[in-house]
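Student: Sequence first, then the predicted structure, then my questions.
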Amino acid sequence: MKFLEVATLDHINSALVFDTPECKVFGRIEPYSCKVAGADKKLYKYLESRYNEEISNFSSSISPENSLNDIISPFGPMNQPSTRRTLFNLIATLNASYPDYDFSDVRPEQFIKQPSISNVCNYINNTLFNLQHGWIVTDLNLWKIVDDIIDLEECDVYSFDPDMDSDPNTEEGAIWSFNFFFYNKKMKRILFFTVRGLSVNAPLQEDESLSDSSSDSEIIGRAMPYEEYVMGDIEM
Amino acid sequence: MSSQRPNKTSQKLVEKSNFTPMELKVYQFINNNQISGESAETVVGSLNIKMKDAVEIINKLSRSGLIEMRVQPDNTITYYATNVRDIQDETDFDNDEKLVLYHIKTAGNEGIWTKHIKTNTGLHQSVITRSLKNLESKGIIKAIKSIKHPTRKIYMLSHLTPSEDISGGPWFSDQKLDVDFVESLTEAVYRFILSRSFPKGNPDAVYCTFHPSYPTATQIHRFITESKISDVELELANINSLLDLLIFDGKVERKITVSDAALYDLMEEDESSGEIVYKAIRDHKSRGNALTDVPCGKYGGVVSPSSCVYFRKWLLDY
């Protein structure tokens, strides 16, 4: 996966990091091209061999009458290479977006296909409006910019729904989060849109500066360095 | 450093590199004393060189990773020759890679998460990614999976085995809990304890409280190991985990044995004379439920406690 630098997203990405009285919000939109890079080939081979292994394990325990070709994933029947390619692209995107993690063993069932793009957009809009940042949608023209990059109408939209111990957002102590993959097969592009909300008392994140960021939020509490957060008032 | 002989292979390696004869001499001198190392003073004394030169040479050898410095309890500083593996590890890498490698080495068999490497080194993500790729391609480090954090990217030295914390020990294969294995092993342990818990023959008989046949964890461990039920070698700690499982399931109970002397001497509170043994708990279900124990359940007729003659008797007897 190749990360695409798109200048029009810069304002939006800056705007997606802000504080509210209740939480600290970190959002980002990352466009990727599904061009296969070196490490991706290794991932693809790994996924294919894992799939073949599962098929052969399965066939030794099930009678021939049951059609194995009916393993359906959220992306379609797994016996079709294009379906597996979708899984590969989504996993590769996750790996690219979270460099400290390796999602190669994630199961297809941990992804959800969103039936309606407009529902997804509404959901994102509502979330941003409820956080007093609806102006990102209206004033910064969020969807026009996204549409120019990925052509929303032609996209399939997926979300990743992992177990707690596989979720990078949970690890950081996020109170809530969402993620969406806007996948345009024809363009061979994926737009990854993820936002998470952390408690105001959460430890300092690496993409956070010590000085107060957003000007339109009240200063409630300060970001604590990790040791203080962990040890609190405990006298050593 | 357990070897007392000078490291001959290191010596050969050093001789191949660009060191002056005097530098080589200093190295050999230090290498010859693996036990207590040498200080700058002894180097000066034995090799008859000036302190200034000795210090310079020691610094050069140290930077090349050939010798390492240790502070003794009396705060003096001594130098030891490092072993060959360390040399090979350190000389081919740039400073960033050396730093990353240092943190991976320090993490030992627990491994270290890339995010923590970032926090500890302060290096940029791309630098770390490049360093890790380089080190991995040279076979010095490997990526491993933790069962507690299955998606984290964790690295450790190639020749180390991941700790049980990471790999899950004998209960996990391929990151998944081997349920069948745990169940069959637990069953075997239970049957062994059962066979030593009740006298054969009479299903209602029990041993007296301090009967010596209840097995200890060590005896159970020996039994399991000798029966070769498990392909994997099991530690006593693993057996204890299985025993906890059986206790929580209410199948087995823990008892403390007491020596004969303590039996008669009620003041004896020496707990060290007791050992922990395990006894199976008999399954009472086969003996009927509470209703059948109550008199009117057994004898038929109009089933009503108020009209039951036996019930009254039972209550009175109580």
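Tutor: The structure has been received and is ready for your questions.
Student: show me the contacts for the closest residue to residue A:121 other than its chain neighbours.
Tutor: Counting by Cβ to Cβ, 6 or more residues apart in numbering or on different chains, the nearest residue to residue A:121 once its immediate chain neighbours are dropped is residue A:143, at 6.3 Å. In this view, the C-beta of every residue, glycine as well, is placed from N, C-alpha and C. For residue A:143, the contacting residues are A:121, A:137, A:152, by Cβ atoms under 8 Å, 6 or more residues apart in numbering or on different chains.
Student: need these in a markdown table with pLDDT and neighbour count, can you?
Tutor: Written out in a markdown table, the entries for the contacts of residue A:143 read as follows (pLDDT from 0 to 100; neighbours: other Cβ atoms under 10 Å in any protein chain shown):
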| residue | pLDDT | neighbour count |
| --- | --- | --- |
| A:121 | 96 | 18 |
| A:137 | 93 | 17 |
| A:152 | 94 | 18 |
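Student: Quick one: neighbours of the nearest residue to residue B:150 once chain neighbours are set aside, just the number.
Tutor: Distance criterion Cβ to Cβ, 6+ apart; nearest residue to residue B:150, sequence neighbours excluded, is residue A:166 at 5.4 Å. Around residue A:166 there are 19 other residues, counting by other Cβ atoms under 10 Å in any protein chain shown.
Student: what do you get for residue A:71?
Tutor: By other Cβ under 10 Å, the burial measure for residue A:71, its neighbour count, is 15.
Student: so it sits right up against residue A:79, yeah?
Tutor: Yes. Using Cβ atoms under 8 Å, residue A:71 makes contact with residue A:79 at a distance of 6.9 Å.
Student: Just the helices from chain A, written as ranges.
Tutor: Under the criterion DSSP state H, chain A contains helices at A:9-15, A:38-61, A:81-97, A:117-130, A:135-138, A:142-150, A:168-171, A:226-231.
Student: Deepest-packed of these, please.
Tutor: Compared across the helices of chain A, helix A:81-97 shows the largest average neighbour count, a mean of 20 (mean count of other Cβ atoms under 10 Å in any protein chain shown).
Student: can you tell if it touches chain B?
Tutor: No. If you take Cβ under 8 Å from any Cβ of the partner chain as the test, helix A:81-97 misses chain B, and the best it gets is 8.7 Å.
Student: send the alpha carbons of that helix over as PDB?
Tutor: Output of helix A:81-97 as PDB, limited to C-alpha atoms (Å, rounded to 0.1, in the frame of the first residue of the first chain):
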ATOM      1  CA  PRO A  81      -9.500 -14.200  -5.600                       C
ATOM      2  CA  SER A  82     -11.100 -10.700  -5.800                       C
ATOM      3  CA  THR A  83     -12.700 -11.300  -2.400                       C
ATOM      4  CA  ARG A  84      -9.400 -12.400  -0.900                       C
ATOM      5  CA  ARG A  85      -7.800  -9.400  -2.600                       C
ATOM      6  CA  THR A  86     -10.200  -7.100  -0.700                       C
ATOM      7  CA  LEU A  87      -9.200  -8.700   2.600                       C
ATOM      8  CA  PHE A  88      -5.500  -8.300   1.700                       C
ATOM      9  CA  ASN A  89      -6.000  -4.600   0.900                       C
ATOM     10  CA  LEU A  90      -7.800  -3.900   4.100                       C
ATOM     11  CA  ILE A  91      -5.200  -5.700   6.200                       C
ATOM     12  CA  ALA A  92      -2.400  -4.000   4.300                       C
ATOM     13  CA  THR A  93      -4.100  -0.600   5.000                       C
ATOM     14  CA  LEU A  94      -4.300  -1.400   8.700                       C
ATOM     15  CA  ASN A  95      -0.600  -2.400   8.800                       C
ATOM     16  CA  ALA A  96       0.300   0.900   7.000                       C
ATOM     17  CA  SER A  97      -1.800   3.100   9.200                       C
END
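Student: Quick check: mean pLDDT of that helix?
Tutor: On average, the pLDDT along helix A:81-97 is 93.
Student: other SSEs contacting it?
Tutor: For helix A:81-97, the packing partners by 3 or more Cβ pairs under 8 Å, 6 or more residues apart in numbering or on different chains; DSSP states H and E come out as strand A:23-33, helix A:38-61, strand A:76-77, strand A:156-160, strand A:174-184, strand A:189-199.
Student: which stretch among those comes nearest chain B?
Tutor: helix A:38-61 (8.6 Å; Cβ to the nearest Cβ).
Student: what about the closest one, distance to the chain center?
Tutor: 24 Å (Cα atoms, centre = their mean, to the nearest Å).
Student: and the angle from that helix to helix A:81-97?
Tutor: Interaxial angle of helix A:38-61 relative to helix A:81-97 (axes from the mean of the first three to the mean of the last three Cα atoms, to 10 degrees): 130 degrees.
Student: This completes my enquiry, with thanks.
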